[in-house]
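K.L.:
Mind looking at a prediction? Sequence and model below.
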Amino acid sequence: MLAIPLRTLGRTGLQVSLIGFGALEIGRDWGIGPPERRKRPAENQAGSTLREVLDFKVNLIDTASAYHRSEERIGKFIASRRREFILATKCGEHNGEPGTFYDFSYEAVRASIDGSLRLLQTNVIDILQIHFGPDPEQVLDDGGCVRAMKEAQEQGKVRWLGASVDGPVLDRCIESGEFDVVQVGYSLMRQEEEARIAKAHDRGIGVLIRSGLGGGWLTSRALDVPANDRPVVVQKLLELCGGDARLLTTLALQFLARNAGIGSVLIGSGTSAHVRTAILALGEPVDQETLQRAIAIAREAA
């Protein structure tokens, strides 16, 4: 039986599985490799993936309106199991399939929250995050998005407020006191946000990690791309691992797991197999010297 450690997500008190599920790819074409590998799964496969992820005892699912059919599929296939998982979604970037569009106005965000609740077939969103766009400072300055989120919280539609952002705006979100959770891009190959993760943790803010496997570059998907087309750091890490992508994934996940400030690492995939691989990787023995060499390689390449 698979076992996933639980961690407390900051001041929310939520007990989240260290491996969470990023539901982007069950609803939207995404990823690296050949086009057929980037297609979202068919309806029945998406349903199977969602059910299997819950069967693995993953208890956090992260989605967004911008993930096209993701919210709809979560509602369709696992609304009946709502008590088994913590539900996080986002506002501000909206579904305009085949693309998306940004609207952070009070009216648009208020309507999108109600739309998400309807599609997800739930009466409450556990964590609602701002899905920041090209001008995140302006979103915070205008204030309409946060006002709509707070109003939804007061109405019982949302439990906790979050922000998905990196860089200096992440500092602003942490210091504002407005947010209970932040979602941060951080991985073995992208370590720049380490100090901000520590700052959030010190202030009782829960931290979710996106792109913890480098958007697929720290997994077997990297092998679908010719060596000359891979990022240099990925190629160097694969060479360290003797071409073993599974070992690379294990190193990448254990790098994240050693950080006490991280609540959950969101593993995005259109199939449950990648989630299962990630869960197993947490328990695999790793040579600490190899892990330290991998960390050093990535830092030198940054």
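P.N.:
Yep, that arrived. Residues are numbered from 1 along each chain as shown.
K.L.:
Do I have it right that G204 meets G10?
P.N.:
Yes - shown here, G204 and G10 form a contact pair, counting by C-beta atoms under 8 Å, at 5.1 Å. Every C-beta, even on glycine, is put in place using the N, C-alpha and C of the backbone.
K.L.:
More neighbours: the two, which one.
P.N.:
Remark: of G204 and G10, G10 carries more neighbours, 23 against 11, as counted by other C-beta atoms under 10 Å.
K.L.:
what about the closest residue to the more buried one other than its chain neighbours, neighbour count?
P.N.:
Nearest non-adjacent residue to G10, counting by C-beta to C-beta, 6 or more residues apart in numbering: G206, 3.2 Å away. If you count neighbours by other C-beta under 10 Å, G206 ends up with 27.
K.L.:
Can you show me the strands along the stretch 151-300 of the chain?
P.N.:
According to DSSP state E, counting those that start in this stretch, the stretch 151-300 of the chain carries its strands in the segments 158-164, 181-185, 206-210, 264-268.
K.L.:
mind putting those strands in CSV, distance to V225 and mean pLDDT included?
P.N.:
Shown next, in CSV, are the strands of the stretch 151-300 of the chain (distance: least, C-beta to C-beta, whole Å; pLDDT from 0 to 100):
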stretch, distance to V225, mean pLDDT
strand 158-164, 26, 98
strand 181-185, 20, 98
strand 206-210, 21, 98
strand 264-268, 17, 97
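K.L.:
among those strands, which is nearest V53?
P.N.:
strand 264-268 (9.0 Å; C-beta to C-beta).
K.L.:
what's the angle from the closest one to strand 206-210?
P.N.:
Per axes from the mean of the first three to the mean of the last three C-alpha atoms, to 10 degrees, the angle that strand 264-268 makes with strand 206-210 is 30 degrees.
K.L.:
so what strands line up beside strand 264-268?
P.N.:
Sheet partners assigned to strand 264-268 using DSSP bridges are listed as strand 19-22 (parallel), strand 206-210 (parallel).
K.L.:
right, and these - which one's nearest L282?
P.N.:
Taking the strands paired with strand 264-268 one by one with C-beta to C-beta, strand 19-22 is closest: 7.0 Å.
K.L.:
And the helix or strand following the closest one, what does it pack against?
P.N.:
Following strand 19-22 in sequence order, the next helix or strand is helix 35-38 (DSSP states H and E). The helices and strands touching helix 35-38, judged by 3 or more C-beta pairs under 8 Å, 6 or more residues apart in numbering; DSSP states H and E, number zero.
K.L.:
Just the CA trace of helix 35-38, in PDB.
P.N.:
Written as PDB, here are the backbone C-alpha positions of helix 35-38 (Å, rounded to 0.1, in the frame of the first residue of the first chain):
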ATOM      1  CA  PRO A  35       2.200  16.700 -29.600                       C
ATOM      2  CA  GLU A  36       0.400  13.500 -28.900                       C
ATOM      3  CA  ARG A  37       1.900  13.400 -25.400                       C
ATOM      4  CA  ARG A  38       0.700  16.900 -24.700                       C
END
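K.L.:
Quick check: buried residues in that helix?
P.N.:
Neighbour-count burial for helix 35-38, counted by 16 or more other C-beta atoms under 10 Å, picks out R38.
K.L.:
Outside of that helix itself, list whatever touches it.
P.N.:
Applying C-beta atoms under 8 Å, 6 or more residues apart in numbering, the contact partners of helix 35-38 are 29-32, 221, 224.
K.L.:
Same check on stretch 234-249?
P.N.:
With C-beta under 8 Å, 6+ apart, stretch 234-249 has contacts from 188-189, 213-214, 217-220, 222-223, 227, 230, 251, 277-278, 281, 290, 293-294, 297-298, 301.
K.L.:
Could you single out the most deeply buried of the strands paired with strand 264-268?
P.N.:
strand 19-22 (a mean of 29; mean count of other C-beta atoms under 10 Å).
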